[in-house]
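Novice: Got a predicted structure here, sequence first:
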Amino acid sequence: MKIFDKNTFSRVSSWILVLFSPYLFGFGERSDSYRYIEQDCLIPGERIEYRVHYGFINAGEAVLKIDEKIHKVNNRPCYKVDIYGRTKGFFDMVTTVRDNWGTYLDTSAIVSQRFYQSIKEGNYRKKEVIEFDHKNKNAIVHRIHKRDSTLIRKDTISIPSNIQDLVSGYYYMRTFDYDTLKTDQIFTVTGFFDDTTYHVKVKYLGKEKVKTKIGQYDAFLMSPIMPKNSFFRGTNPIKAWISDDKYRIPLKVKAELIIGSLEIDIRDYSR
């Protein structure tokens, strides 16, 4: 197997996002009305920067930021959240990645009102906007032309209550009460990505201390239970750490590959 063939970095990144992120996507509440989640860890203007690396080799970087203004979507106040990801160095020569995922995250319910993505991975391009109709449990997917940004077509897909998108899930994770979980507890969770509702089993692994560029933290540790595949190895091959403090900062993700490890480590945080 060639770990660094033309599309491997993009495929591994997608595996991490699709198979880890659904854990962050909500815990199956079933109500037609909006829930209310009390939290003070998310604020306008927050910015988090990450280094993506394969061993000592820089593979890329990611920036997560919340806009300084509150926006209104579907007549609901929302945080505008963007994630920017790009390859660097050797990886950028193998396959160029310039991705932007974004969400309008309801400030009270912590669900997505609108999701958008602009993907550039090698020769692959994708543009999409998803409007979430939580009352009628529909996701309206707008396919956007990759060159002139015109609408190609619109599809309506049924979704469960309080479903999350790829970005809003990470932020919902930070509001969750981890004290309700027991070490090694396994549960099934759902998330919407690429026109599909995913149901993924996740194991909560307890707490660990983790050393980062911004300091040492007590952190919650979790891992999705992976299906058999040709990319990952070992038990709990993808792990993620989130700080055990009032800010609930996503600190690190580590994926054990067939050869070596791909890591996403925090390098800066501001609010």
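Specialist: That came through, no problem.
Novice: Now do the strands in the chain.
Specialist: Taking DSSP state E as the test, the strands found in the chain are 47-54, 57-73, 76-87, 98-106, 112-121, 124-133, 138-144, 151-158, 186-193, 196-212, 215-224, 238-243, 250-256, 261-270.
Novice: Turn the ones you listed into JSON lines, including mean pLDDT and distance to residue 231.
Specialist: C-betas here are computed from N, CA, C, even on glycine. Conversion of the strands of the chain to JSON lines gives the following (pLDDT from 0 to 100; distance: least, CB to CB, whole Å):
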{"stretch": "strand 47-54", "mean pLDDT": "95", "distance to residue 231": "13"}
{"stretch": "strand 57-73", "mean pLDDT": "96", "distance to residue 231": "15"}
{"stretch": "strand 76-87", "mean pLDDT": "97", "distance to residue 231": "17"}
{"stretch": "strand 98-106", "mean pLDDT": "96", "distance to residue 231": "19"}
{"stretch": "strand 112-121", "mean pLDDT": "94", "distance to residue 231": "16"}
{"stretch": "strand 124-133", "mean pLDDT": "94", "distance to residue 231": "18"}
{"stretch": "strand 138-144", "mean pLDDT": "93", "distance to residue 231": "27"}
{"stretch": "strand 151-158", "mean pLDDT": "91", "distance to residue 231": "27"}
{"stretch": "strand 186-193", "mean pLDDT": "77", "distance to residue 231": "17"}
{"stretch": "strand 196-212", "mean pLDDT": "89", "distance to residue 231": "16"}
{"stretch": "strand 215-224", "mean pLDDT": "94", "distance to residue 231": "13"}
{"stretch": "strand 238-243", "mean pLDDT": "93", "distance to residue 231": "10"}
{"stretch": "strand 250-256", "mean pLDDT": "94", "distance to residue 231": "8"}
{"stretch": "strand 261-270", "mean pLDDT": "95", "distance to residue 231": "10"}
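Novice: Serialize the ones you listed to JSON lines and add fields for distance to residue 171 and mean neighbour count.
Specialist: Converted to JSON lines, the strands of the chain look like this (distance: least, CB to CB, whole Å; neighbours: other CB atoms under 10 Å):
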{"stretch": "strand 47-54", "distance to residue 171": "11", "mean neighbour count": "19"}
{"stretch": "strand 57-73", "distance to residue 171": "8", "mean neighbour count": "16"}
{"stretch": "strand 76-87", "distance to residue 171": "6", "mean neighbour count": "19"}
{"stretch": "strand 98-106", "distance to residue 171": "6", "mean neighbour count": "22"}
{"stretch": "strand 112-121", "distance to residue 171": "9", "mean neighbour count": "21"}
{"stretch": "strand 124-133", "distance to residue 171": "15", "mean neighbour count": "17"}
{"stretch": "strand 138-144", "distance to residue 171": "18", "mean neighbour count": "17"}
{"stretch": "strand 151-158", "distance to residue 171": "22", "mean neighbour count": "11"}
{"stretch": "strand 186-193", "distance to residue 171": "13", "mean neighbour count": "19"}
{"stretch": "strand 196-212", "distance to residue 171": "17", "mean neighbour count": "16"}
{"stretch": "strand 215-224", "distance to residue 171": "15", "mean neighbour count": "18"}
{"stretch": "strand 238-243", "distance to residue 171": "11", "mean neighbour count": "23"}
{"stretch": "strand 250-256", "distance to residue 171": "9", "mean neighbour count": "21"}
{"stretch": "strand 261-270", "distance to residue 171": "14", "mean neighbour count": "18"}
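Novice: Could you dump these into JSON lines with distance to residue 168 added?
Specialist: Shown next, in JSON lines, are those (distance: least, CB to CB, whole Å):
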{"stretch": "strand 47-54", "distance to residue 168": "15"}
{"stretch": "strand 57-73", "distance to residue 168": "12"}
{"stretch": "strand 76-87", "distance to residue 168": "7"}
{"stretch": "strand 98-106", "distance to residue 168": "4"}
{"stretch": "strand 112-121", "distance to residue 168": "4"}
{"stretch": "strand 124-133", "distance to residue 168": "9"}
{"stretch": "strand 138-144", "distance to residue 168": "12"}
{"stretch": "strand 151-158", "distance to residue 168": "17"}
{"stretch": "strand 186-193", "distance to residue 168": "9"}
{"stretch": "strand 196-212", "distance to residue 168": "14"}
{"stretch": "strand 215-224", "distance to residue 168": "17"}
{"stretch": "strand 238-243", "distance to residue 168": "15"}
{"stretch": "strand 250-256", "distance to residue 168": "13"}
{"stretch": "strand 261-270", "distance to residue 168": "18"}
